[in-house]
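A.B. asks: sequence plus the predicted model coming up.
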Protein chains: 4
Amino acid sequence: MSYFDGITPVTFEGPDSNNPLAFRHYDPDEVVMGKRMEEHLRFAVCYWHNFAWEGGDPFGGRTFERPWFGDTMDHARAKADAAFDMFRILGVPYFCFHDADVRPEGADFAENTANLEAIVDLFEEKMKDGPKLLWGTANLFSHRRYMAGAATNPDPDVFAFAAATVKTCLDATHRLGGENYVLWGGREGYETLLNTDMGRELDHLAKFIEKVVDHKHRIGFEGTILIEPKPQEPTKHQYDYDVATCYGFLKRYGLENEVKLNIEQGHAILAGHSFEHEIALAQALGAFGSIDMNRNDYQSGWDTDQFPNNVPEVALAYYHILKGGGFGTGGTNFDAKLRRQSLDPEDLIAAHVGGMDVCARGLKAAAAMLEEGGLEAALTDRYAGWEGADAKHMLHEESLEDIAARVARDGVNPSPVSGRQERLENHVNRFV
Amino acid sequence: MSYFDGITPVTFEGPDSNNPLAFRHYDPDEVVMGKRMEEHLRFAVCYWHNFAWEGGDPFGGRTFERPWFGDTMDHARAKADAAFDMFRILGVPYFCFHDADVRPEGADFAENTANLEAIVDLFEEKMKDGPKLLWGTANLFSHRRYMAGAATNPDPDVFAFAAATVKTCLDATHRLGGENYVLWGGREGYETLLNTDMGRELDHLAKFIEKVVDHKHRIGFEGTILIEPKPQEPTKHQYDYDVATCYGFLKRYGLENEVKLNIEQGHAILAGHSFEHEIALAQALGAFGSIDMNRNDYQSGWDTDQFPNNVPEVALAYYHILKGGGFGTGGTNFDAKLRRQSLDPEDLIAAHVGGMDVCARGLKAAAAMLEEGGLEAALTDRYAGWEGADAKHMLHEESLEDIAARVARDGVNPSPVSGRQERLENHVNRFV
Amino acid sequence: MSYFDGITPVTFEGPDSNNPLAFRHYDPDEVVMGKRMEEHLRFAVCYWHNFAWEGGDPFGGRTFERPWFGDTMDHARAKADAAFDMFRILGVPYFCFHDADVRPEGADFAENTANLEAIVDLFEEKMKDGPKLLWGTANLFSHRRYMAGAATNPDPDVFAFAAATVKTCLDATHRLGGENYVLWGGREGYETLLNTDMGRELDHLAKFIEKVVDHKHRIGFEGTILIEPKPQEPTKHQYDYDVATCYGFLKRYGLENEVKLNIEQGHAILAGHSFEHEIALAQALGAFGSIDMNRNDYQSGWDTDQFPNNVPEVALAYYHILKGGGFGTGGTNFDAKLRRQSLDPEDLIAAHVGGMDVCARGLKAAAAMLEEGGLEAALTDRYAGWEGADAKHMLHEESLEDIAARVARDGVNPSPVSGRQERLENHVNRFV
Amino acid sequence: MSYFDGITPVTFEGPDSNNPLAFRHYDPDEVVMGKRMEEHLRFAVCYWHNFAWEGGDPFGGRTFERPWFGDTMDHARAKADAAFDMFRILGVPYFCFHDADVRPEGADFAENTANLEAIVDLFEEKMKDGPKLLWGTANLFSHRRYMAGAATNPDPDVFAFAAATVKTCLDATHRLGGENYVLWGGREGYETLLNTDMGRELDHLAKFIEKVVDHKHRIGFEGTILIEPKPQEPTKHQYDYDVATCYGFLKRYGLENEVKLNIEQGHAILAGHSFEHEIALAQALGAFGSIDMNRNDYQSGWDTDQFPNNVPEVALAYYHILKGGGFGTGGTNFDAKLRRQSLDPEDLIAAHVGGMDVCARGLKAAAAMLEEGGLEAALTDRYAGWEGADAKHMLHEESLEDIAARVARDGVNPSPVSGRQERLENHVNRFV
Ligand SMILES: [Co+2]
Ligand SMILES: [Co+2]
Ligand SMILES: [Co+2]
Ligand SMILES: [Co+2]
Ligand SMILES: [Co+2]
Ligand SMILES: [Co+2]
Ligand SMILES: [Co+2]
Ligand SMILES: [Co+2]
């Protein structure tokens, strides 16, 4: 019997449906800008928040009552059954997982590895007619051994344990045909500078990632290696603070062509940015990889990982993604969790249905904006001056002295023109 | 008659003095870690907040009544008289200025230049027995022509005007023996992504800075070129967001050896960091240049530019500065302004006296911590494992496979050790 | 010739219009829940941001070039001409003003009063076929005399000057048929507790408001007295921090039946709340009055006063307003300003058109939600247990001992039920 | 054998000691302003963070390895042994606890009560020569039954369970001679307004507190009932947001004379206030009760509950406390937890020693400021104008009309005077 007994696969019923477990906007086969929505959005469901998280928060424990909660391989198999049931009900093309989500914690590395491999066997079977793997990853932050970091731990044995673990997870991802591999450095940061050698830790982190990249090539994994910016939480300061910080780190160590970014809305907000800023910046820097489409509450100072629900915001994110050519190996992962009071199986399904519909509406609005072309035309117009030969010559050839001489000689004295922000915002509101 | 009539030069009277216009902790000649405090701290007073700012805020206008407020060269000369009077009273070794602080705004570039040059003549005279110039800079943000950026303006003529202006300011700085030149990109950012081509703007900004670096070399200026991180305000998003972002930008365009950072406490706070984080990170990245020692109010979401007053915080900043070898061409600038209700000449003096004393206490505490050595010993101890040959071999030579094989074979299973954060915080409290 | 020459009155053209100066959603005569939209929304345009603000920010001065900028009565009359032209073009039923927006600053109270009265004469004339006055108010924050507060100033003469000024403004509001009078205490707060006697200042503020209430009754003004919560800016801490704080203040001094609240989205955000929270709380406390429908940028820590543009957010605000019975004397004021780069007359019009359309969409979505009834039904269901006689008895009659005895006796041991948050969010997304 | 084996009672060794487990500033018997420091500070150690919390955070589980972790009465007794050992080592006069900290969770109310009573028996014994109870409280937030609130739960049975539980905890507190009883409403708030009837929930909360007050009187408990402001976390919005909100709530329901506030630095920060603001406001409102002296990290958006370590900040808190007459039944509780990496018994002791020393330094600085009198003199001076008969007459007798007539007649036109903020900050820095 399935945990989701009585819930049938979710289908597209159109905007007038009031069935809470139907898609009203997401029709996988609808063609948008020449491509099916499913291929645009590349939805993935995460294993951790849906199946491993128990509903705790800093002031309370488990609220969910899932039959698969427990520490045995049997529990892990029951969990996998529920997970793949849900993937099938939602009809998502992808899922994502950490090792620790899917297998019981072993007493040591060998047992962890054996447990993981047994589950990967099971996944291989289940994936035959189920979703594909968008990305795999290793949980290098929950176990107490990682409390002071994994790659950046002061203890080399922790670095070793983490490295060994990533090897098994990258191998598993490869074996399951994963399209990306993610490194989220949740404990790669510090609690206090008083006990931290930041320069050394950054060097170690780079070495660690280099080894991952080497291993990827060695085993012939053709997916993308992704790191995921987040400014803080769990640590006071995380090294992968935001897109700009990650880029600087990768560039410093010559990794910028090997590693791309998985950008999460909630982490953008925590770092003081808008989600579209982080996406647009990653694109400008050639670092865009994938997204975690889960929002933060604007009034909460921690990572709330909520399902997306604001269509205008989501539309701006997809606008930049589409404008940049859409996803390559990346996709739209929901690194989103139910509120801990949402106890029912229906909540799990409905939350995803709502999130997928919000994304579908956002994508269609973004496509409509691009097809209409008004925003791009306004942009071209605004920078048109830079297309002139004189401007290009100045930019590329002239020295400060040359320019100063010309400004003085010609009495260059520019007048500003309207930035038209409200008019552009109104324009966007025609589509969302 | 001086604006500061009746106020005599401030002298060191020792901690028991209750003279509000005496130093109680800053004795320029006191030797700390083998160097006079004056040479360690390298205090600079800024021209803008002290002499050009009128006390306005977003909801109110001028509160200060300074006899030199006005738009003529006579006003500018009266302002310079007051400024150098204050420098003399405080006994500071340095000052800093923008062009727009010291000269009236002209009708065009030529008039601006002429006005600036006349003031530079005056400064040359005044500096004979007065302070030196820590850094000069150009105000590329107040005039309406810069409302959409200077180097990143969509209009190439604004880029040209800005470039020409920087030429004059860098020349002036060179002529006055300035030890650094600062570029604060207050309008290099955006109000809305809807009208912004971020990739293009970043390229233009890099070109602009390249030209500044070229000009520096052309004229033989041996000071340091500095950029100043700030996340936002006046723009919604500023390209020089924080230290990590600036570093990534410089590295991307190959400027990291030519340009260093001027780090401000208030800007660190606005970007979600501690001041000591930004300093320590800049040092780790080889990008540390100078500091603006003015704090933000922790409860205000904008740049309050207050004088420093919290000794323990200031001590941690100088701890990292001293640990990294102290200032080179940089120094301790007060980019600080009086609260707009602090109307009196005495307020101007007292605010600096208090700030300088706080810095002196911070410096001495930092030096004492370094001389005692407990923090460094704890750090060495914490990372000692990485000094072993095996750890180094793993870091530099081993692949993930090598490491995984060893972890499996040896059953590597590390146990965490205490991070001792509270004990280290207590240790610091012995000195502050 | 009008400042808005060439711009004709804005009309409703329907959602398919791509005329940027037409309403696509706001049709004043469309009936929503039995009332015309104009009567529901009660739009007001503010005088200050549109006609008095010059485009400055903390790092730059005037960007706008309006022919009426200047300090004479002629300028004030030209400004009024432009303002009423704009009111007519937009077809708004209301406007709002401060004394300092509409008259030149005089040398003293008498001149201020004379200037104001002359403008009120002019307004009386212009209002014959123009908009009505939603509310008037006095600017007690811009002039330097108010730098340390108006009602809470340490100098009783400032209290007096402020009180006298409010008298003239309340009289003017009364004469112009204003429907409310607002007191925004922008400087009623402190910069530092070190120089502040908070208990005394709160007492003075209460006395001041009492006098305003008395004067209202004395002159027969039947509008509502409103105070406007804001946590900070310009002061570090403002006494009218948020709705809950204002309520506690009014209740403490017995003013809760005389004074209601004007709630601004931007101020809600600055205080750490959502806009709908502030509205719903004010309604629960019987303190709801009116709204300022201008948003803050979520990434900026100061008051950005932007035009609303996010329909889902606006819909939640109107949902609570409609659920509470709609506006009484209150309305939807745009305390919103153009971005300082939006220089053109068209920007002024377009920004309002866009904002009004967003509000119209929000209102219609809110009405649809209420008419559908799903949210209210879910709420009734959730609290149904409290409608039982036993629950009411417990709440109103039983002591802790009674309850403990019953819990022990009956083994009361409740199980939680799902809070269904995501399902409710999905439900809302059917309407926005 | 004690968990703290080898650690001897902490004694005062003076500022020059470098023993990390000695007091350098806290000498309980030192007389400050006529009272022993122990009687001023009234230190309490909390049970929960020290003995019940396991070191988890949202991304990781237990890091601490305490022999008493477990769910039996034997574990609870071992925990009590360790706790009282620590109280004795620290020499603190008080401790605080929740029911859930000290007893195993039972299957139902009856078992919870029996478990609690058994532990209270044990505590009675242990307290004979140990610390007293500053306050007791009930944990109404960790168990899943409370996930949607306790007093504000939509299910009346949860209200009942909570009320019954508070009865047992207040009885226990009374029996143990507790000097206060705290209600922290950690789940009294909401996750989403969509499923929340705020007006109803506030009414229920008031009824709940009324019952607690009634029970207090019924059993003759003479301690103070305290509520503890916190803006959010665990809920998105907590009803006891801050001091002003709590005051308004109490006043609305006529509880302001029966209930006072327990103010925490970290919660003040989360709500956008300084700690001293919250203390000073509570004093101005007659609502000051007690403090939780644990700080938040200024860069973290959640409750970090760190031990205090910044003397200047702590000094300002005690300055307001002393100025208001010091504690009545309240005290200085450390609601502080070790960082989760601080694993050792020594960390527990050292953290408290450091925190107590910081408080002692803060108290002595505050006392010195008060004894010197400069701040109070400046304050008296600033408001001196209000002591005149005319000012008092205006405030209490005159109408707006009277005042306006006088302002017009006399040409009242006040000039501002300096607020002297920097000078006052410098003054404070003479003492900290
Ligand atoms: Co997240
Ligand atoms: Co994520
Ligand atoms: Co600044
Ligand atoms: Co600066
Ligand atoms: Co506002
Ligand atoms: Co407003
Ligand atoms: Co806390
Ligand atoms: Co607390």
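C.D. replies: Now that the structure is in, tell me what you want to look at. Ligands and ions are numbered 1, 2, ... in the order given.

A.B. asks: which strands and helices sit next to whichever strand or helix holds A:Lys79?
C.D. replies: Using DSSP states H and E, A:Lys79 sits in helix A:73-90. In terms of contacts (3 or more CB pairs under 8 Å, 6 or more residues apart in numbering or on different chains; DSSP states H and E), helix A:73-90 is packed against strand A:43-46, helix A:99-102, helix A:109-126, helix A:345-372. For glycine as for every other residue, the C-beta is placed from the backbone atoms N, C-alpha and C.

A.B. asks: using CSV, lay out these together with mean pLDDT.
C.D. replies: Written out in CSV, the entries for those read as follows (pLDDT from 0 to 100):
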stretch, mean pLDDT
strand A:43-46, 98
helix A:99-102, 98
helix A:109-126, 98
helix A:345-372, 98
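
A.B. asks: now distance to ligand 4 and mean neighbour count too, for those, in JSON lines please.
C.D. replies: Formatted as JSON lines, those follow (distance: least, CB to the ion, whole Å; neighbours: other CB atoms under 10 Å in any protein chain shown):
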{"stretch": "strand A:43-46", "distance to ligand 4": "42", "mean neighbour count": "28"}
{"stretch": "helix A:99-102", "distance to ligand 4": "45", "mean neighbour count": "24"}
{"stretch": "helix A:109-126", "distance to ligand 4": "50", "mean neighbour count": "18"}
{"stretch": "helix A:345-372", "distance to ligand 4": "38", "mean neighbour count": "23"}
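
A.B. asks: nearest to D:Leu250, out of the ones you listed?
C.D. replies: Counting by CB to CB, D:Leu250 lies closest to helix A:345-372 out of the helices and strands packed on helix A:73-90; the figure is 36.3 Å.

A.B. asks: where does the prediction get shaky in the stretch 151-300 of chain A?
C.D. replies: Of all residues in the stretch 151-300 of chain A, none has pLDDT under 70.

A.B. asks: that one: helices as residue ranges?
C.D. replies: If DSSP state H, counting those that start in this stretch is used as the criterion, the helices of the stretch 151-300 of chain A fall at A:156-175, A:198-219, A:243-252, A:265-270, A:275-284.

A.B. asks: adding distance to C:Val158, write the helices and strands packed on helix A:73-90 out as CSV.
C.D. replies: Below are those laid out as CSV (distance: least, CB to CB, whole Å):
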stretch, distance to C:Val158
strand A:43-46, 59
helix A:99-102, 64
helix A:109-126, 71
helix A:345-372, 52
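
A.B. asks: in the helix holding A:Lys79, which residues are buried?
C.D. replies: A:76, A:78-90 (16 or more other CB atoms under 10 Å in any protein chain shown).

A.B. asks: now do stretch A:280-300
C.D. replies: Counting neighbours by 16+ other CB under 10 Å, one finds that the buried residues in stretch A:280-300 are A:280-285, A:287-297, A:299-300.

A.B. asks: tell me, which of those residues make contact with chain D?
C.D. replies: Among those, proximity to chain D is found for A:Asp297, A:Gln299, A:Ser300 (CB under 8 Å from any CB of the partner chain).

A.B. asks: give me the contact list for the helix holding A:Lys79.
C.D. replies: A:2-4, A:7-10, A:43, A:45, A:47, A:50-52, A:66-69, A:95, A:102-104, A:115, A:118-119, A:122-123, A:126, A:130-131, A:348-349, A:352-353, A:356 (CB atoms under 8 Å, 6 or more residues apart in numbering or on different chains).

A.B. asks: surely A:Gly178 touches A:Gly136?
C.D. replies: Yes: contact between A:Gly178 and A:Gly136 holds when scored by CB atoms under 8 Å: they sit 4.8 Å apart.

A.B. asks: okay, A:Asp129: pLDDT?
C.D. replies: The model reports A:Asp129 with a pLDDT of 85.

A.B. asks: quickly note the distance from it to ligand 7.
C.D. replies: To ligand 7, A:Asp129 is 50 Å away according to CB to the ion, to the nearest Å.

A.B. asks: A:Thr332 now?
C.D. replies: Distance of A:Thr332 to ligand 7, given as CB to the ion: 36 Å.

A.B. asks: ok, that residue - how many residues close by?
C.D. replies: 27 (other CB atoms under 10 Å in any protein chain shown).

A.B. asks: tell me who's in contact with it.
C.D. replies: When contacts are counted by CB under 8 Å, 6+ apart, A:Thr332 touches A:Leu41, A:Arg42, A:Phe43, A:Ala44, A:Ile291, A:Met293, A:Cys359.

A.B. asks: give me the phi and psi angles of it.
C.D. replies: phi -110, psi 90 (degrees, to the nearest 10).

A.B. asks: then A:Gly286?
C.D. replies: Main-chain torsions, A:Gly286, degrees, to the nearest 10: phi 70, psi 30.

A.B. asks: for ligand 8, state which of the buried residues of helix A:73-90 is nearest.
C.D. replies: Within the buried residues of helix A:73-90, the smallest distance to ligand 8 is 36.9 Å, found for A:Lys79 (CB to the ion).

A.B. asks: tell me how far the closest one lies from C:Gly248.
C.D. replies: 49 Å (CB to CB, to the nearest Å).

A.B. asks: same deal with A:His352?
C.D. replies: Using CB to CB, A:His352 is found at 42 Å from C:Gly248.

A.B. asks: one more: A:Ala351?
C.D. replies: Taking CB to CB as the criterion, A:Ala351 is separated from C:Gly248 by 37 Å.

A.B. asks: what does A:Met127 give?
C.D. replies: Taking CB to CB, one finds A:Met127 at 59 Å from C:Gly248.

A.B. asks: now do the contacts for the residue in the stretch 301-432 of chain A that chain D sits nearest to.
C.D. replies: At 1.5 Å from chain D, A:Gly301 is the closest residue in the stretch 301-432 of chain A, using CB to the nearest CB. For A:Gly301, the contact set (CB under 8 Å, 6+ apart) comprises A:Leu270, D:Leu270, D:Ser300, D:Gly301, D:Trp302.

A.B. asks: what does A:Ala350 give?
C.D. replies: Counted by CB under 8 Å, 6+ apart, A:Ala350 has contacts A:Pro20, A:Leu21, C:Glu422, C:Arg423, C:Asn426.
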